[in-house]
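Trainee: Sequence and computational prediction follow.
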Amino acid sequence: MNYYYITGTSRGIGKGFADHLLKNPSNFVIGISRQKTIDHPNYTHYYADLTDAEAVSQFKFDLHANAQKIYLINNAGALGFIKPVGRLTSETIIKNYTLNLIAPSILTNSFIECYNTIDCEKVILNISSGAGKNPIDGWAVYCSSKAGLDMFSRVVDAEQKVRASHPLDNIHKGFRIFSIAPGIVNTEMQSGIRSAEREDFSRVEDFIAYKVNNELIEPAVVSEKYIKLMENLSSIKDVLSSIRDYDQ
């Protein structure tokens, strides 16, 4: 069996992941989010508020004796209120850093700790964003948390390579980690961006145009592209990349 732990499966890209993966009877999906919207015999839901670091810390990964693949897909994320720094609330800053960076870091740490000696294909996929590489006014927390997730992924990758090259480390079984941006996706986040006040976000007209000009990608299409990459890991160019890098 193949086991996929996915955060944010109630909607958007996360639900698209689960729906595609569950078409294969050899796949089992464990969803982690506040709401359950999937009913399938190969789906288990774990209710958790991913903006609560203590709640995330309580999550435990299961040992899977028959696993051929075990994946952690850190998909859940939020832009939060679009406001310039100086007009954000402390609660908003804390919750969004927790959801976008702290929660995936905690889950990745627990994932590696749990499956360190398990010999199968083990992959961590972080859903990144182009915002982690480009400063966007009104998005300070989102941009910086996604940049942090990218660097976290790079460090984990470096650690795995160091351990793999250590001659005395006979117990460690390596992990692959990737942080891949999805492009501009037609999600509720995009709807929120288009509703932003002009004085809070200088590029709101650009994002309205993306919708008007049909430049947004549907979540199901994006998740299918991710799955194709996961089925051919050797095609992934680097720890950090974008789905757009693989468009034919």
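Mentor: Ah, there it is.
Trainee: Backbone dihedrals for Asn232, please?
Mentor: Here the main-chain torsion angles of Asn232 (degrees, to the nearest 10) amount to phi -140, psi 70.
Trainee: State the distance from it to Cys120.
Mentor: 17 Å (Cβ to Cβ, to the nearest Å). Backbone N, C-alpha and C define where each C-beta goes, glycine included.
Trainee: quick one: which of these two has more around it?
Mentor: Taking other Cβ atoms under 10 Å, Asn232 and Cys120 do not tie; Cys120 has more neighbours (14 against 9).
Trainee: any idea how far the nearest residue to that one once chain neighbours are set aside lies from Val221?
Mentor: Leaving out its chain neighbours, the residue that sits closest to Cys120 by Cβ to Cβ, 6 or more residues apart in numbering is Ala67, at 4.9 Å. Between Ala67 and Val221 the computed distance is 28 Å (Cβ to Cβ).
Trainee: For these two, indicate the residue with more neighbours.
Mentor: The neighbour comparison of Ala67 against Val221 (other Cβ under 10 Å) goes to Ala67, with 18 against 15.
Trainee: While we're on the more buried one, how confident is the model there?
Mentor: Listed pLDDT for Ala67 reads 95.
Trainee: and the gap between it and Asp119?
Mentor: Taking Cβ to Cβ, one finds Ala67 at 9 Å from Asp119.
Trainee: Then Glu91?
Mentor: Plainly put, Glu91 is 44 Å away from Asp119 if you go by Cβ to Cβ.
Trainee: and what of Ala147?
Mentor: Applying Cβ to Cβ, the value for Ala147 to Asp119 is 34 Å.
Trainee: neighbour count winner among those two?
Mentor: It is Ala147, of Ala147 and Asp119, that has more neighbours when counted by other Cβ under 10 Å, with 18 against 9.
Trainee: Asn134: what's it in contact with?
Mentor: Cys143 (Cβ atoms under 8 Å, 6 or more residues apart in numbering).
Trainee: whoops, Met230 was the one
Mentor: Met230 makes contacts with 71, 123, 125, as judged by Cβ under 8 Å, 6+ apart.
Trainee: Is the first one in contact with Tyr115, as I believe?
Mentor: No. Contact status for Tyr71 versus Tyr115: not in contact, 10.5 Å apart, counting by Cβ atoms under 8 Å.
Trainee: what touches both of those two?
Mentor: Contact with both Tyr71 and Tyr115 is made by residues Lys122, according to Cβ under 8 Å, 6+ apart.
Trainee: right, and the secondary structure at Ser10 would be what?
Mentor: coil (DSSP: H, G, I helix; E, B strand; the rest coil).
Trainee: Pull up the gap between the nearest residue to Pro25 once chain neighbours are set aside and Arg34, please.
Mentor: Of all residues beyond its chain neighbours, the one nearest Pro25 is Asn42 (6.9 Å), with distances taken as Cβ to Cβ, 6+ apart. From Asn42 across to Arg34, the span is 21 Å (Cβ to Cβ).
Trainee: Same check on Gly130?
Mentor: Counting by Cβ to Cβ, the gap from Gly130 to Arg34 is 26 Å.
Trainee: and Asn42 and Arg34? which has more neighbours close in?
Mentor: For Asn42 versus Arg34, neighbours defined as other Cβ under 10 Å are more numerous around Asn42 (19 against 14).
Trainee: wait, isn't that one in contact with Leu22?
Mentor: Yes. Using Cβ under 8 Å, Asn42 is in contact with Leu22, at 5.6 Å.
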